[in-house]
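Colleague: Okay, here's the prediction I keep looking at, along with the sequence it came from:
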Amino acid sequence: MAPTPEQQMVAGIALNKTRPTKLTYDELYTWVIWQFPRQKNGGLCGAVHPPIPQHGWIPAVILIHKKCVEVYAHLNEQYPSPEMAAEHLGNHNNE
């Protein structure tokens, strides 16, 4: 499926360019989901990494009880480690 103008494709998943993209664990089954136990927006600060060599980590909020992830690809920033991506979310309250 081709992305809309508001989306970008990363490893076969359409990610929103203007707001967080909510995805289920099943949709991210080939991605690494890293969670850090710091509360953020009702979930845990974290990061996701697509199955693409040399791709950076993308900030994410892991919503454990809803079994989904809010991927913050709209920030257009990738990080070299999941800790740095999660720290970005921990430091910003209005994203």
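Modeller: Arrived safely.
Colleague: can we go C-alpha only for contacts and neighbour counts from here?
Modeller: Will do.
Colleague: What strands line up against the helix or strand harbouring Ile62, and which way round?
Modeller: Assessed by DSSP states H and E, Ile62 sits inside strand 58-63. The strands that strand 58-63 pairs with in its sheet are strand 43-49 (antiparallel), strand 68-71 (antiparallel) (by DSSP bridges).
Colleague: I'd like the ones you listed laid out as CSV, including mean neighbour count, mean pLDDT and distance to Glu83.
Modeller: Putting these into CSV (neighbours: other C-alpha atoms under 10 Å; pLDDT from 0 to 100; distance: least, C-alpha to C-alpha, whole Å) gives the following:
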stretch, mean neighbour count, mean pLDDT, distance to Glu83
strand 43-49, 27, 93, 8
strand 68-71, 22, 96, 15
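Colleague: Run the chain-centre distance for the helix or strand hosting Gln8.
Modeller: Element membership for Gln8 (DSSP H and E) is strand 7-10. Centre-to-centre, strand 7-10 and its host chain are 12 Å apart (C-alpha atoms, centre = their mean, to the nearest Å).
Colleague: Check the offset of the strand holding Ile62 from the chain's centre.
Modeller: For strand 58-63, the separation from the chain centroid amounts to 4 Å (computed by C-alpha atoms, centre = their mean).
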